[in-house]
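Colleague: sequence unknown, structure follows:
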């Protein structure tokens, strides 16, 4: 019996020795971990001397502090279990005690070992100590300061110091390590609130709102959240209202509404905006009654933007916006922008279609153009086509925006086109019309000098007003469709030349106004379009097509007439009269590569293709037998040398002007780089500095040698000649610099008696022009446009972007209350 | 019926349409007509005429001579006075018709004043070279510049002076529109049987009307000359100016001299023509020599020496006989420009547009490029306007189609308002020229590609890269061979030659053949299969 107490006493002594040894080892390990050489005379650090690790240290390697009863601290790698290690161990011991007594030596021994183990904490000293692991009796431990708590404490310190960046890092560190740690949520909310505060202080209230929204989602009862939300929303809405951005104001109110539906700020603004909207609605009603439809539509639209659910607004809005419909179009370039380029650009052609209607216009294009006319009731060819009897329309549709034209006006207008002294003189028309006679106010006859295969094409021009002159002494257009009412660097506004009559049924009203709004950033235009601030994007970037198609929200329209890109030569440049030089320029180009890299990157299939003529490939006159000219740099060099030899001089540096479209400029630069490789020097004239004066270069000058232009040629029978010669008057003298045989080929086309012969001649010309390299046709690209679903009555396959715009309608709906 | 029946002592005016005799009833008739006391039909009748002989012969008191109306117009071959007086001493028998517009401001006093001044001017300027009679006419269809332009031979008033028709008839119309007075004048020549162009002018000054009319008379007056023969050892021609001996010698070179009397001066232009008569001496026809002009070199008492410029092989001094007279008429450019219209000879309805006209001062432009004055281009109607070139009244027009010269003609710009030139069809040749241009273009490409491939193949062979050599040789083989190109050329050439032969256009045929031969030569030279074989052998040699 005596031996047992002695044995247990010995065991206690042994344990004490072991603990002492462990403490010594631990101290030496901590000393080593601090990087200080362990010294026998140094003990463990005192708790009071311990400094909270920095954020960087905390993120490096987590450690816990084990505070001993002696107030000394053992720095350890994170202990397990955690948190509340001591409590958990105690609970486990208690639980063990509650278990049934073990039976047998083996079980007793195991139970004892298990119980003993729960009296210790396994400590792993950080660093590379020789014996880093040991056990520490729990009875010596006063408390354990966990790494996570230290992080939280550091977070608090950082938040106090306003270091949000580091706070975020620590929070993320903590969330990754122990997302459920007590105090993490609170710190996260604190950070959000602090961040919101910081953003607000930095003048970014919208960003602040995002944090508060997040905070609200986590804890809507967070102190001062309601008040801050209110203040922030108030500021944001006030700012939006100041800048007249009602949609933005409603957007912020909507966000507040989603968080706090009865927030006093929301209620205040709701009342205020409802009152404003009501005022505007009443103004719209008054304007509508007084016939000021544009103002009425504007007031109604503003009212709807102010507070769409204003009582009675729905009907007023519908009436006003149907009576005066405004099409808002996002464009990248406006017509008439100044540059050295002297020919029409795509925006110019777009504007011309909008502002001028032609006697005969192309209604459809499918292998060949189909014509129609708004001006003639009927036109009857007699005498085998040599006589034409025209009957003018005495009335017009309610949607039309053209003047009623009488025979005398028509004949006077035609006379201006056959008068050699007139600026609108057309040698072709003058030669074709032998006699004009008026039969009645709405009937007149024309006697033609010869039968023309496509009479409509001959009369595809706008009518000038022969009775008036503009301020600059020019003949104004009589057959106007829309007129420019406002123009600035930001956009152009067009309105109907002749407004629709009053007192029609609402559904009979059509677009009255077109506003082209210029965007420097295409992405911004897309965003505005998606938000409903634009009705149409023109043109739609090829890279956006798939995105829009996938959304299914908008319609994508393609014009049936592609835009063909062509290089042309100045007839006055002597060097370029050398066929070898022209061929050298052509053979140097890898058109397919330029097309794919510059224009078709990200485009849908069949959005563009290389061509051999300025004629659309789907036109029946396009000669498919003509082969593409591949890139052949060797041949290009050989031809350049041959041309220099023929000219008996060094080739001059050529000057090139191009359409100012950024993509076209990029393509031109690529071409110039390739030409440089084959020894052809070409300079691109992009600005006034390069040209030496403001505005475009003179067409009939030697300021330029090459021009990169675009064209939409629907009727090569009549358009090919003026296109190739840069001569709108289609004078024979414009062919003068061409070889005689080629002149005669064009004259043959002019005098072809039937359509089949004309087509054959165009095909022949296609072959000859390609062989002679009179131009360098590059590629054709389809034009896409995105249209919002509110815009209706668009033609199925428009030839031009604004085709039949007088018949389009916009069914404007009230905007959503909370955008 | 003898059309030369004497209608002495004065004159009659007959409307050819109605064949009615309209009597001149003198100033009293005019007065009554103006007062409305005479029937309107009487207004068509002429006012009394006056004989305007040199100054002293103007006798206003004797203004109402008796009138006899011949039933028909006398023969235009009224050169009977030739027998009576030598050509160079024979003055022109001239009738001047003067009409005023209906404007009330052209008062009788004004009319009388103008008439009187014109009479005096004629007497002063023409002197004894004209036997002129002035006819005031109450109204006429030709009473304006436009109406005068429409005047035809059939509408001419039949007037006889003494025993014959007048050699010249002048028509003067004076009108007023607003504050402007307009005067139009035109000449009819009985010998050439044609009208001069209408000349008109305007003035705001009432007193200048008569002066303007007299000035316009001298512009439209075209003196007549008779060809006497050629100058020995020279191509020059001698002519005799009608009434030339009546012109004082010293005034010929004086530019300020009376314009009607001294119309023909050194530098003046003459148009030669042959006048043919029937067996009975009646006029049959006139034949003007095309593209032939005489330029006065010297003049001495009516004897005129001229140089000749002609685009045809014509001798103006031959073919003189009793029934054929070789004459010339002096003329001057009255228009700023002449519209030259080019037409296809076998189908004059087809106009030749887009043709080049080179205007040169000599016919040797090929050797003298400095002679080039201007370049013109025909429009859609085949018309090119050729203006006058100061110092060069006669120019040469070179009409070209491509490199082909279609015609080379002398020409006086401004002599006529419009002129047409008929040319051979050159379409076939142009077609071939176009096709040959294509073939030559392909030829250049082929040669360049072939040479480039050969260079690359040689380089590869030297580097022992036989795979690349084979690839380049394949490229060379794939290029069009000589026979292919020749076949293509032959197809176009043969079709064009056939067309030219059908049209019997030997010039075109010759040109087509020449053009294609040049190209065939190029093809044979550059696409010679032997060269290709030699290159193949060279490569094979390197490969071994």
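Modeller: Received the coordinates, thanks. Computed from a prediction, not measured in an experiment: that's the story for all the values here. Numbers count the residues shown, from 1 in each chain, chains lettered A, B, ... in the order given.

Colleague: what about residue 343, how many neighbours?
Modeller: Here I'm looking at chain A. 18 (other C-beta atoms under 10 Å in any protein chain shown). Yep, even glycine has a C-beta here, placed from its N, CA and C like the rest.

Colleague: was after chain B, sorry
Modeller: Neighbours of residue B:343 using other C-beta under 10 Å come to 16.

Colleague: Give the helix, strand or coil label for it.
Modeller: Three-state call for residue B:343 (DSSP: H, G, I helix; E, B strand; the rest coil): strand.

Colleague: Is there a neighbour count for residue 203? I'd like the number.
Modeller: Went with chain A since none was named. 8.

Colleague: Chain B is the one I meant
Modeller: Count around residue B:203 with other C-beta under 10 Å applied: 15.

Colleague: wait, what's in contact with it?
Modeller: B:180-181, B:183, B:209, B:212 (C-beta atoms under 8 Å, 6 or more residues apart in numbering or on different chains).

Colleague: Need the per-residue pLDDT for it.
Modeller: Confidence at residue B:203, expressed as pLDDT, is 92.

Colleague: Please report the distance of it from residue B:104.
Modeller: 19 Å (C-beta to C-beta, to the nearest Å).

Colleague: circling back to that earlier point, list just the nearest of the contacts of residue B:203 to chain A.
Modeller: Chain A has its nearest neighbour among the contacts of residue B:203 in residue B:180, at 21.9 Å by C-beta to the nearest C-beta.

Colleague: For that closest one, give me its contacts.
Modeller: B:202-204.

Colleague: ok, the closest residue in space to residue B:422 that isn't next to it in sequence - how many residues close by?
Modeller: Spatial nearest neighbour of residue B:422, excluding adjacent residues (C-beta to C-beta, 6 or more residues apart in numbering or on different chains): residue B:345 at 4.2 Å. Here the number of neighbours of residue B:345 (other C-beta under 10 Å) works out to 13.

Colleague: ok now do residue B:345, which residues does it touch?
Modeller: Residues near residue B:345 by C-beta under 8 Å, 6+ apart: B:422-425.

Colleague: Quick check: phi and psi at it.
Modeller: phi -60, psi -40 (degrees, to the nearest 10).

Colleague: So which of the contacts of residue B:180 sit within strands?
Modeller: B:202-203 (DSSP state E).

Colleague: Residue A:516: which of the contacts of residue B:180 is nearest?
Modeller: For the contacts of residue B:180, the residue nearest residue A:516 by C-beta to C-beta is residue B:202; the value is 53.7 Å.

Colleague: Run through who's touching stretch A:655-674.
Modeller: By C-beta under 8 Å, 6+ apart, stretch A:655-674 touches A:333, A:337, A:339-343, A:345-346, A:565, A:567, A:588-590, A:594, A:597-599, A:682-686, A:696-697, A:703-710, A:778.

Colleague: mean confidence for whichever strand or helix holds residue B:169?
Modeller: Using DSSP states H and E, residue B:169 falls within strand B:168-177. Averaging pLDDT along strand B:168-177 gives 93.

Colleague: Report the buried residues of it.
Modeller: B:168-176 (16 or more other C-beta atoms under 10 Å in any protein chain shown).

Colleague: do stretch A:496-510 as well
Modeller: A:496-498, A:500, A:509-510.

Colleague: With stretch B:503-513 instead?
Modeller: B:505, B:508-509, B:511-513.

Colleague: what ranges do the helices span in the stretch 101-250 of chain B?
Modeller: For the stretch 101-250 of chain B, helices defined by DSSP state H, counting those that start in this stretch occupy the ranges B:108-126, B:145-149, B:209-220.

Colleague: number of nearby residues for the residue of the stretch 151-300 of chain B found nearest chain A?
Modeller: Residue nearest to chain A within the stretch 151-300 of chain B (C-beta to the nearest C-beta): residue B:202, separated by 20.4 Å. Residue neighbour count, defined by other C-beta under 10 Å, stands at 13 for residue B:202.

Colleague: who's it bridged to?
Modeller: Beta bridges link residue B:202 to residue B:182, judged by DSSP bridges.

Colleague: just checking, it touches residue B:181?
Modeller: Yes - contact criterion C-beta atoms under 8 Å: residue B:202 and residue B:181 qualify, at 6.7 Å.

Colleague: Tell me where the model's unsure across the chain.
Modeller: You didn't say which chain, so I picked chain A. Residue ranges of chain A with pLDDT under 70: A:1-42, A:128-131.

Colleague: looking at chain B here, not the other one
Modeller: B:1-84, B:160-163, B:249-259, B:318-319.

Colleague: Give me the nearest residue to residue A:285, chain neighbours excluded.
Modeller: That would be residue A:316: by C-beta to C-beta, 6+ apart, it lies 5.7 Å from residue A:285.

Colleague: Quick check: the gap between the one you found and chain B.
Modeller: According to C-beta to the nearest C-beta, to the nearest Å, residue A:316 and chain B sit 61 Å apart.

Colleague: which secondary structure element contains that residue?
Modeller: Using DSSP H and E, residue A:316 maps to helix A:313-323.

Colleague: Can you name every helix or strand that the helix or strand that that helix is followed by contacts?
Modeller: Using DSSP H and E, the helix or strand that follows helix A:313-323 in sequence is strand A:325-331. Strand A:325-331 is packed against strand A:511-518, helix A:522-531, strand A:536-537, strand A:809-810, with contacts defined by 3 or more C-beta pairs under 8 Å, 6 or more residues apart in numbering or on different chains; DSSP states H and E.

Colleague: I appreciate the help and will end here.
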